[in-house]
Structures are given as C-alpha cells and as structure tokens.
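Novice: Requesting a structural model of the entry that follows:
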Amino acid sequence: MAIYYILSFFALALSTVCGFIFIPQILDFCKKRGLYDNPDKRKIHKNAIPRLGGVAFLPSMLVAFMIAITVFNNTSIDRISMNLWSIYFFVSLLLIYSVGIVDDLIGLNATVKFTVQIIASSLVPLAGLYFNNFYGFLGIYEIPYWIGIPLTVFVLVFITNAINLIDGIDGLSSGLAFLALTGFYMIFMREHLGLYGILIAGLMGVLIAYFYFNVFGKEELNRKIFMGDAGSLTLGFILGFLLVKFAMHNPNVMPFRMEGLLLPYTLLIVPMFDVVRVVIARIRNRKPLFSADKNHIHHKLMRAGLNQHQTLIFILLLALVFCMINAIMYVVPIDCTIIAIVDIIIYIAFHLVLDRIIGNKGKESFVNVEE
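Specialist: Numbers count the residues shown, from 1 in each chain. Have a look, this model is predicted:
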C-alpha cells in the first residue's frame, strides 16, 4: 500500500499545480468574454464575479490520476486497467460536467438538468454498482436490486444537487467537499482500495487551488472566481458515487462492515440535511420546490450576525462535530438507526436555537429604529 500513499500525494500535488495553472487562464477567458455571475437579491456577493472555476476540476483530477496510474504501471509489477464500471462512471461524470458547463455558459432549465442527472446516475447501477445493504439501518440488511437501483439513482441525484444548492458563500461547497473527500480518502485507503485514494487525492488537489482563488482572490486583480454548476454538480456527483461505492456490499472488494452506510452518510450530513430542511420549508410554505430563496444554513447564520468567513468556519466546524459525535456513538456502540435519529434531533435543535437568535436580532433592530 505504500506505493498508493506516495502516488496519492503525487496526484494531490500535481492536481494542485494544474489548478493554479488552469484557473488564471479561465479567469482571463471569463474577462474577455464577459462571463460573470451577476449579483441579485438572492445572492450574497455584491459584484460580478467570473463563474467558470469548476471547469478546472475534472481536467485537473484526470490529468493527475492518469499520470499517477502511468507511473504506477511503469514502476510496479502489477498493472491497473480500466474495467466496465470505470468506463460507465467516467461517461456519467462527463455528462454531469458537460451539463454544468452549458448551464454556466447559456443557462438551462431545471427539467433539462434533472433529466441529464437521472440519465448519468442510471449508468452507475447499469455497471453493477448500487445499494444492496442497509447494514442494520431501520433493521434492514440486504435489499433487492429492484429497490437498490432506483434508490441509487435517487441518492446520486440528491447529493449532486445538495452540493450545488449549498454553494452560496465563498469556500463553502469546496470546503465541505474537501472535508468529505478527506474522510473518503481515509476509509478507502483503510480498505486497501488505493486506486480510489489516488482519484480522490487528484480532486482534493484542485480544490486547494480553487479555494485559494475563491476565498482569498482579489476582485480588483481579476483573481476571484466561483465554481459555477460545472464545479458543484461535478463535486456532488463524485461524492455521491463514493458514498454508493463504499456502501455497496461486495465481498470480492471489501469485507462486510457494519459502518458501511454510516461512515459515508456522516461525511455528508450538513449538505444533505440542509437541502431536506429547505425542501420541507418550501412544501410547508406552499412554494415551488425549485424556487430560489435565502433559507439555507449559510443565509440564516449571516442573518444571525456572522460574516461570510465566520459562517464558513462555523459550518465546517459543524460538519466536523457531526463526524466526532457519530464516531463516539458508533464506538459506544449505538445502533446506526439511533445515531441517525440523534443527528436529526441535533440538527433540528440547532436550527431552533438559530431561529431564536435571528428573531431576537430582528427585535433588537426594530427597537433601535424606533429609538
């Protein structure tokens, strides 16, 4: 396994370099073509910012991955080759990436984007990768393919859009994705699946470069950029794929693990819970499900008085807290169903407290105006 750790570091470093090379080129291209994300009443930013940063994600990851694999094949007695599911995965990923780019360039309606996402997500179970075990969640273990396949498509589309929808402030989607990818890297390497480790490291590298330009880039120097749908949809789809891959019980690849579903779920709690809460709120308020609003977790934290960077740090810490809480409960041990219920209770309690703070802030502002 040592060679995989070395190649992972190599892939991460190479992808980071690619990101620092590609993103400035994208920034210059956006400036020449006037491709900006313009502010409106729903968005946080006040100035027009280039929106094609996510275009660098897939090329950087693939360049790093392919060079690392080439090095492996030329220095090891073993050989790594593409199999059927790998081809299906990359085809589906290319579909997601392409629809994201088209949406960033000319705009697409929700129906078109969802249709392409469903088609891309359906290719994954066609290659034999789908949920086939719940590992005791709700008392369920093995599940038949006729349930597992549609569930897989739903989860892939759900996580793809969860990452897209939470991309509302600088560094949030990339930061949450980086934390999740770090966790996925650790658990896949623990299972001696070094190939996935290299792929994950390749994506983590370009996220480092993107995070720098997105959070610390200077607008006046044309060095600040957003990832756009090309980035957020690509990140979401890859994270969803990694969740399904780790959760599928395949004794030929990994032994049975009781944490097979709990671990990947824990890594994505914040974006998944946020989109569920927002959808429930829209249904309760009789608003269209796909309507834009300012009810996401980052919007609420900023209404509570935090600035963008404070909000970013708070949400990243919240994601880490859920990881620690679930790890402690699993070690105790506590049943995975109870763990999920505790997570839901904590998240609801957090938002109730946050709503109270926001309400008090509003009352204080009203009193100040009256005075």
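Novice: CA atoms for contacts and neighbours, from now on please.
Specialist: OK.
Novice: Can you show me the helices along this structure?
Specialist: For the chain, the helices defined by DSSP state H cover 2-33, 57-75, 84-106, 110-126, 145-165, 172-190, 194-211, 228-247, 262-267, 269-284, 297-303, 308-331, 336-370.
Novice: For residue 47, find the nearest of these.
Specialist: Taking C-alpha to C-alpha, helix 2-33 is the member of those nearest to residue 47, at 13.6 Å.
Novice: so where is the stretch 51-200 of the chain shaky, pLDDT-wise?
Specialist: The model of the stretch 51-200 of the chain has pLDDT under 70 over residues 76-83.
Novice: Go again with 90.
Specialist: 51, 69-88, 106-111, 127-128, 168, 193-195 (pLDDT under 90).
Novice: related to what we said a few turns ago, would you format the helices of the chain as CSV with distance to residue 217 and mean neighbour count included?
Specialist: Supplementary listing: those in CSV, determined by distance: least, C-alpha to C-alpha, whole Å; neighbours: other C-alpha atoms under 10 Å:
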stretch, distance to residue 217, mean neighbour count
helix 2-33, 11, 19
helix 57-75, 17, 19
helix 84-106, 20, 18
helix 110-126, 30, 18
helix 145-165, 21, 21
helix 172-190, 15, 20
helix 194-211, 9, 26
helix 228-247, 16, 25
helix 262-267, 28, 22
helix 269-284, 25, 17
helix 297-303, 21, 20
helix 308-331, 14, 16
helix 336-370, 30, 14
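Novice: Out of the ones you listed, which gets nearest to residue 218?
Specialist: helix 2-33 (11.7 Å).
Novice: how far is that closest one from where the chain is centred?
Specialist: 18 Å (C-alpha atoms, centre = their mean, to the nearest Å).
Novice: do stretch 309-316 as well
Specialist: 16 Å.
Novice: quick one: which of the helices of the chain is nearest residue 133?
Specialist: When these are compared by C-alpha to C-alpha, helix 228-247 sits nearest residue 133, at 7.4 Å.
Novice: now the angle between helix 145-165 and the closest one, please.
Specialist: 140 degrees (axes from the mean of the first three to the mean of the last three C-alpha atoms, to 10 degrees).
Novice: and helix 228-247, what does it pack onto?
Specialist: Contacts defined by 3 or more C-alpha pairs under 8 Å, 6 or more residues apart in numbering; DSSP states H and E place helix 228-247 against helix 57-75, helix 84-106, helix 145-165, helix 172-190, helix 262-267.
Novice: Residues contacting the last one, please?
Specialist: Right, helix 262-267. Helix 262-267 is contacted from outside by 179-180, 183-184, 242-243, 246-247, 319, 322-323, 326, 336, using C-alpha atoms under 8 Å, 6 or more residues apart in numbering.
Novice: Show me which pair in these is furthest apart.
Specialist: 179 and 336 (21.7 Å).
Novice: Now do the phi/psi pair for residue 128.
Specialist: Per-residue torsions, residue 128: phi 100, psi 10 (degrees, to the nearest 10).
Novice: Test my guess that it contacts residue 88.
Specialist: No: shown here, residue 128 and residue 88 do not form a contact pair, counting by C-alpha atoms under 8 Å, at 9.9 Å.
Novice: can you list the helices and strands packed on helix 228-247 in TSV and add distance to residue 198?
Specialist: Below are these laid out as TSV (distance: least, C-alpha to C-alpha, whole Å):
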stretch	distance to residue 198
helix 57-75	6
helix 84-106	14
helix 145-165	21
helix 172-190	8
helix 262-267	18
